[in-house]
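Undergrad: Next one to model:
(one chain, ligands or ions: 1)
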Amino acid sequence: MFDAMNTRDDEHWNYFTQDRQYSDLLKQRLNDGVKMDSASTMGRYLNENATGDLAIVDFGGGPGHYYPVIADRYEHGSVDYHSVDIDADNIAFGTCHFGHNAHARFSVGSALDPAEFLVDRNCVISANTLPHIPTIEPLLTAITAAPSVRFFLFRMLIGEECVQIKKHLSDTSFEDLFERGYQHNNIYSLPYLQSLLGETWSLDRLPDLYDIDRLAGHSVPMQATDHFYSNRVSRPVGDMIFKGDIYMPWTFVLGTRTTE
Ligand SMILES: C[S@@+](CC[C@H](N)C(=O)[O-])C[C@H]1O[C@@H](n2cnc3c(N)ncnc32)[C@H](O)[C@@H]1O
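TA: Numbering: from 1, shown residues only. Here you go, the predicted structure:
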């Protein structure tokens, strides 16, 4: 069960520190060489839209399970990869796993305080993380202020309007409802992103690509012992993706700096 009282007082949005099993699942995916659809799509879109050697920073990159997939897909130069994640366990695991590789780096850090991780990077990526943090404003503002950054590619929730969602993470305890123990699933509009970036960036909305049968069969081990966990796992409904009661308009957003 989610233990809301163990979350830091200024980080009620951060359910990740409570979800050790999910953290371990990411490590397992890396160990097993699992190619997530979103990782393959990210590699494909980088290959189709970026040029030259890539110096990537991946916010919410966990133990680096996207790195081999992207490096495998990218054909226009070398790939240097830096995962920045608030989960120290995942960062330690990635550091150990890729210890031999001078092109993979891992740091504990946050997309809410991103500037120091952008200085030597030309490409910022983030998959499946930005809906769950309280704001994307610091990240987009820092990207505009970091001259080295030429591209970004995010898998996030994009709609016609900006919507802040708080999903309560317990079906038995309702203390401090929406104050603690929740997961954000925030949706943003492209005009909002553009307003943060200014006119020197162009934005493209690229479709989320996934195997519908694979998604329909998708489950995580935590569901076996905690039925309520299912409300955090994606499932297809027609051509839409839902998590629990919430429609998740997953979209890839490519940002390209238009000035030299
Ligand atoms: C839903 S997982 C996605 C992991 C991976 N990108 C993927 O798609 O499989 C979100 C990841 O973001 C990390 N995270 C959450 N909030 C973060 C923040 N503010 N800054 C950096 N990482 C964060 C979590 O620890 C977790 O590893």
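Undergrad: How about stretch 86-103, which residues are buried there?
TA: In terms of neighbour count (16 or more other C-beta atoms under 10 Å), stretch 86-103 has its buried residues at Ile86, Asp87, Asp89, Asn90, Ile91, Phe93, Gly94, Thr95, His97, Phe98. Any C-beta I mention is one placed from the backbone N, CA and C, and that applies to glycine too.
Undergrad: Would you check which of those are in contact with the ligand?
TA: Ile86, Asp87, Asn90 (C-beta under 6 Å from any ligand atom).
Undergrad: Below-threshold pLDDT in the stretch 151-260 of the chain: ranges please.
TA: Counting by pLDDT under 70, the ranges of the stretch 151-260 of the chain that qualify are 260.
Undergrad: ok, and the closest non-adjacent residue to the residue in it that the ligand sits nearest to?
TA: Distances from the stretch 151-260 of the chain to the ligand, computed as C-beta to the nearest ligand atom, single out Arg155 as the nearest residue at 7.1 Å. Spatial nearest neighbour of Arg155, chain neighbours left out: Ala127 (4.3 Å); criterion: C-beta to C-beta, 6 or more residues apart in numbering.
Undergrad: With Val84 instead?
TA: Gly109 (4.3 Å).
Undergrad: List the contacts of that neighbour.
TA: Counting by C-beta atoms under 8 Å, 6 or more residues apart in numbering, Gly109 touches Val84, Asp85, Ile86, Glu116, Phe117.
Undergrad: For burial, what's the neighbour tally of the residue lying closest to Asn128 once chain neighbours are set aside?
TA: Taking C-beta to C-beta, 6+ apart, and ignoring the residues beside it in sequence, Asn128 has Arg155 as its nearest neighbour in space, at 5.7 Å. Here the number of neighbours of Arg155 (other C-beta atoms under 10 Å) works out to 24.
Undergrad: Could you tell me which strands the host helix or strand of Arg155 is paired with, and in which direction each runs?
TA: Assigned by DSSP states H and E, Arg155 falls within strand 151-159. The pairing partners recorded for strand 151-159 under DSSP bridges are strand 123-127 (parallel), strand 188-189 (parallel), strand 250-257 (antiparallel).
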